[in-house]
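> What would the 3D arrangement of this be:
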Amino acid sequence: MCRGSLLLVPYGALLLLFLLPFICSQTSIPENNSDCTLSCGNIGISSPFRLKGDPQHCGNRKYELACEENVTVLYFYNRKFYAKAINYNNFTIRFVDAAVQKKDNYYSIPRYSLTPSNFSYWDPYNNYSPDRSYSYTTRPIIFMDCPKPMHSPGLVETAPCVKDGTYSSNSSLSNGLRMFSYSILGWNRSISSLDLGESCEITQMLMVSPSLSVEDMHEHLTSCEGIYSEIAHGFELSWFDQACSTSNCTEYPCLFPIFYFSFILGLGLFQVVRFLFGFPCLIALIIYKCKRRHLSMYENIEDFLQNNQLMPVRYSYSDIKKMARGFKDKLGEGGFGSVYKAKLRSGRLVAIKMLGKSKANGQDFINEVATIGRIHHVNVVQLIGFCVEGSKRALVYDFMPNGSLDKHIFSQQGVISLSCEKMFEISLGVARGIEYLHRGCDMQILHFDIKPHNILLDENFLPKVSDFGLARLCPLDNSIVSLTAARGTPGYIAPELFYKNIGGVSYKADVYSFGMLLMEMAGKRKNLNANIEHLSQIYFPTWVFDQLSGGNDLTIGDATEEEKKIIKKMIIVALWCIQMKPSDRPSMNKVVEMLEGEIESLQMPPKPFLYPQQMPVVVTGGSSSTASAASRTTTTSREIVLIADENSHS
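This is a model prediction of the structure:
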């Protein structure tokens, strides 16, 4: 009897025995490191790390550290951290916030949050465990304020963490009323399971790498001393993923870390005999599974096409290949496949998306055809045709000569720079397209992936909402949808997809994503501060809110008064769209009304609360009276710069 699940292990183990002599025969490149700094204090410095000022060949610039007064320092998101330890065996480095003072000062809790949501895939560090156990190197300590005492299990009262009778940095007073402060150790689900009511407010989330077991940690974090000691212990981040993606086998043992070698070799020797008998069965099982999988996917798609009357034309694969001239002109590549430029027999230019690896039932193909295959709107990309032949699946769209919006928001060489008025027209067109998806069809269409890359521009820069691979169809009267997992792109995903206790998932998730898109469009027309050092430096929306609600003007380079009004209107509407609770966000119909209306009729929304991409503020120069005008906030992937009028402070 062939049991494929058991045979996979011996087959893989024997394969490793043959491949190991050819993979990563050495773990480092012999090089002259005599002029590289090897330590700072008690921290050893070696590849991939380097110290500021070291020669070019020393380490990797993405992992540059500084040595200040014999202390190893990292500046991360414009925040200062001290390196407590570097473990080169498991690719981790432990940091502590520089604001956490020594000598058991229990009140020196960092002022700003740094949570796992701040990290993107492209960051040099992340909090995933390098041992590939699908665990994390950090856990958050969550601080919150409530207007009344709470008695939920796991909550620890932090009111004793006060100094001279005043609240510490993780406590607050609101409207003159005392707030009850608590903390809890855990993940998002720890908050979701609590009955916090409507008025409790999360004030801060700090990352720690527990020095004790989870059970001991909960007991340990019942005092100010315990909380402080864990924060002072610091948090570990891993550089394993980025080190592997930017190196070859001669620089790092990326494919098989050295501490796995002995285990893999022993397992391979033990299983080699079983492999010789199991290999034929394994091959037969794989062939059977693959054929069955493709057959099942093809049947699902064919059933869908036969049961739905669709407007697009069905093409054969030979027609698709002929139109694309053998797939020579590649336009780009996305999460669901590659896109090629093609031409119909009539001479009309089109874009063909060849879908790659699919879900088991071809759901991505069905999603796109089921949504845009039924509708036609000036601000939604038109599906002209499709192809289904076995595992070959393709979608044929109108060709958009000006590409995607992200190329125009984030400056790229050779791309036309759009005026403020044109950027506003594009934002209004996108809003109308999303409004149509939500209200203009017999079924409500939730996109779940609104972002600049999925907004295409035609020859007249008319925007088209595209890429419906994650879309969901639901009845118009069904306000809440059920999802098994969060979907979308980090930075644009609505918080209710993670924090279930703030509201159900609905069309308001698209409103949030549009708000993030609108905030980017408002701020990236040009570099608005001639003195700024890096284009990635931006002002976080809560800071913008503080400036606008405080009556401060926004100094925006050489923009005209009319352009300033347009940008201010876009920012206010964006702030409405990115409200934490879905119930506080407007519908897309209301968003269109606000964009079409006069700015004088717009009201300021509530302050965005616990914004997922919140970054710390660092004051750079200037006196204390102008500190708020000089403050900077950084986000990992956005380029928005808004400068408060310093004259208002003088």
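> name the element residue 567 belongs to?
Residue 567 is part of helix 561-577 when elements are defined by DSSP states H and E.
> which helices and strands sit right next to that helix?
In terms of contacts (3 or more Cβ pairs under 8 Å, 6 or more residues apart in numbering; DSSP states H and E), helix 561-577 is packed against helix 420-439, helix 508-523, helix 541-549, strand 554-555, helix 588-596. Quick note: C-beta positions are derived from backbone N, CA and C, even for glycine.
> got the angle between the last one and helix 561-577?
Note on geometry: by axes from the mean of the first three to the mean of the last three Cα atoms, to 10 degrees, helix 588-596 and helix 561-577 are set 160 degrees apart in direction.
> Going by neighbour count, list what's buried in helix 588-596.
Counting neighbours by 16 or more other Cβ atoms under 10 Å, one finds that the buried residues in helix 588-596 are 588, 591, 592, 594, 595.
> what's the pLDDT at the first one?
Going back to what we said before, that points to residue 588. pLDDT for residue 588: 96.
> how close does it sit to residue 522?
Residue 588 sits at a distance of 18 Å from residue 522 (criterion: Cβ to Cβ, to the nearest Å).
> Please apply the same query to residue 334.
From residue 334 over to residue 522 (counting by Cβ to Cβ), the distance is 25 Å.
> Pick out whichever of those two has more residues nearby.
residue 522 (27 against 16; other Cβ atoms under 10 Å).
> surely that one meets residue 571?
Yes. With contact defined as Cβ atoms under 8 Å, residue 522 counts as touching residue 571 (5.0 Å).
> Please name the bridge partners of residue 383.
Counting by DSSP bridges, residue 383 is bridged to residue 397.
> Likewise for residue 83?
Beta bridges link residue 83 to residue 95, judged by DSSP bridges.
> For it, give me its contacts.
By Cβ atoms under 8 Å, 6 or more residues apart in numbering, the contact set of residue 83 is 43, 65, 72, 73, 74, 93, 94, 95.
> if we can go back for a sec, reformat the helices and strands packed on helix 561-577 as JSON lines; add distance to residue 565.
JSON lines is the format used below for the helices and strands packed on helix 561-577 (distance: least, Cβ to Cβ, whole Å):
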{"stretch": "helix 420-439", "distance to residue 565": "10"}
{"stretch": "helix 508-523", "distance to residue 565": "12"}
{"stretch": "helix 541-549", "distance to residue 565": "13"}
{"stretch": "strand 554-555", "distance to residue 565": "10"}
{"stretch": "helix 588-596", "distance to residue 565": "12"}
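> Figure out which of the ones you listed is closest to residue 577.
helix 508-523 (2.6 Å; Cβ to Cβ).
> same for that closest one, what does it pack against?
Partner elements for helix 508-523 (3+ Cβ pairs under 8 Å, 6+ apart): helix 420-439, helix 561-577, helix 588-596.
> roughly how far apart are the residue nearest to residue 421 when sequence neighbours are not counted and residue 591?
Nearest non-adjacent residue to residue 421, counting by Cβ to Cβ, 6 or more residues apart in numbering: residue 566, 6.8 Å away. Per Cβ to Cβ, residue 566 is found 15 Å from residue 591.
> Check residue 455 too.
Using Cβ to Cβ, residue 455 is found at 15 Å from residue 591.
> tell me the mean pLDDT over the helix holding residue 567?
Across helix 561-577, pLDDT averages out at 91.
> CA atoms of that helix as CSV?
Output of helix 561-577 as CSV, limited to C-alpha atoms (Å, rounded to 0.1, in the frame of the first residue of the first chain):
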residue,chain,number,x,y,z
GLU,A,561,-4.2,78.7,-3.2
GLU,A,562,-6.5,76.6,-5.3
GLU,A,563,-4.1,73.6,-5.2
LYS,A,564,-3.8,74.0,-1.4
LYS,A,565,-7.6,73.8,-1.1
ILE,A,566,-7.7,70.7,-3.3
ILE,A,567,-5.0,69.0,-1.2
LYS,A,568,-6.7,70.0,2.1
LYS,A,569,-10.0,68.6,0.9
MET,A,570,-8.4,65.3,-0.1
ILE,A,571,-6.7,65.0,3.3
ILE,A,572,-9.9,65.7,5.2
VAL,A,573,-11.9,63.2,3.2
ALA,A,574,-9.1,60.7,3.6
LEU,A,575,-9.1,61.2,7.4
TRP,A,576,-12.8,60.4,7.4
CYS,A,577,-12.2,57.2,5.4
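> the inter-axis angle of that helix versus helix 541-549?
120 degrees.
> Give me the buried positions along helix 561-577.
For helix 561-577, the neighbour count (16+ other Cβ under 10 Å) marks 563-564, 566-577 as buried.
> cool, and stretch 448-459?
448, 449, 450, 451, 452, 453, 454, 455, 456, 457.
> Mind listing residues that contact it?
334, 381, 398, 400-406, 408-410, 426, 430, 434, 463-467, 469-472, 487-489, 491-492, 509-510, 513-514, 516-517, 520.
> Alpha carbons of it, in PDB - could you do that?
What follows is stretch 448-459, C-alpha atoms only, in PDB (Å, rounded to 0.1, in the frame of the first residue of the first chain):
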ATOM      1  CA  PHE A 448     -10.700  44.100  -0.900                       C
ATOM      2  CA  ASP A 449      -7.500  45.200  -2.700                       C
ATOM      3  CA  ILE A 450      -7.800  48.900  -3.400                       C
ATOM      4  CA  LYS A 451      -4.300  50.300  -3.900                       C
ATOM      5  CA  PRO A 452      -2.400  52.400  -6.400                       C
ATOM      6  CA  HIS A 453      -1.100  49.400  -8.300                       C
ATOM      7  CA  ASN A 454      -4.700  48.300  -9.000                       C
ATOM      8  CA  ILE A 455      -5.800  51.700 -10.400                       C
ATOM      9  CA  LEU A 456      -5.100  51.800 -14.200                       C
ATOM     10  CA  LEU A 457      -5.000  55.000 -16.300                       C
ATOM     11  CA  ASP A 458      -6.100  55.100 -20.000                       C
ATOM     12  CA  GLU A 459      -4.700  57.500 -22.600                       C
END
